[in-house]
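Colleague: below: sequence and its predicted model.
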Amino acid sequence: MASFFWHKVAGVVGASGVALAAYGSHGFKPADPHFKETFTRANQQQMYHAFLLALAPFSRRPNVTGGLALAGVLLFSGSCYASALMQDRSYGKLAPYGGFSFMAAWLSLLL
């Protein structure tokens, strides 16, 4: 069951990452280049961790790995996207928590 679920989540995260990359490359034109960089970083991390979500079912604790990776995508990438799209740095306050979730997800592979 966990295998099927995390593969679906990986598919959604990966597909939305590709769509957001297309928007970031062709449609997103912020006045400040910092926000373009923030959007790009959010997208890169989303795509890297979509790969980890696809690998989660092969770990010993797929729900721990998948849950932490998904939390990281939502917190880190989500807050960076919000910050970039709203062009307001205050929306990025949750990004550090997402970064810790990413690190914990990768470390969960050691369990």
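Modeller: Okay, I see it.
Colleague: what's the longest helix in this structure?
Modeller: helix 2-26 (DSSP state H).
Colleague: give the other helices and strands that the next helix or strand after that one contacts.
Modeller: Once the chain leaves helix 2-26, the next helix or strand it forms, by DSSP states H and E, is helix 33-55. Packed against helix 33-55 by the contact rule (3 or more CB pairs under 8 Å, 6 or more residues apart in numbering; DSSP states H and E) you find helix 2-26, helix 62-72, helix 78-86, helix 95-107. All C-beta spots, glycine's among them, are computed from the backbone N, C-alpha and C.
Colleague: now the ones you listed in TSV, with mean neighbour count?
Modeller: As requested, these are exported to TSV (neighbours: other CB atoms under 10 Å):
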stretch	mean neighbour count
helix 2-26	15
helix 62-72	22
helix 78-86	20
helix 95-107	17
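Colleague: between these, which one is nearest to F39?
Modeller: Smallest distance to F39 across the helices and strands packed on helix 33-55 (CB to CB): 3.8 Å, for helix 78-86.
Colleague: the bottom helix or strand of the chain by mean pLDDT?
Modeller: None of the helices or strands of the chain scores lower by mean pLDDT, DSSP states H and E than helix 2-26, at a mean of 95.
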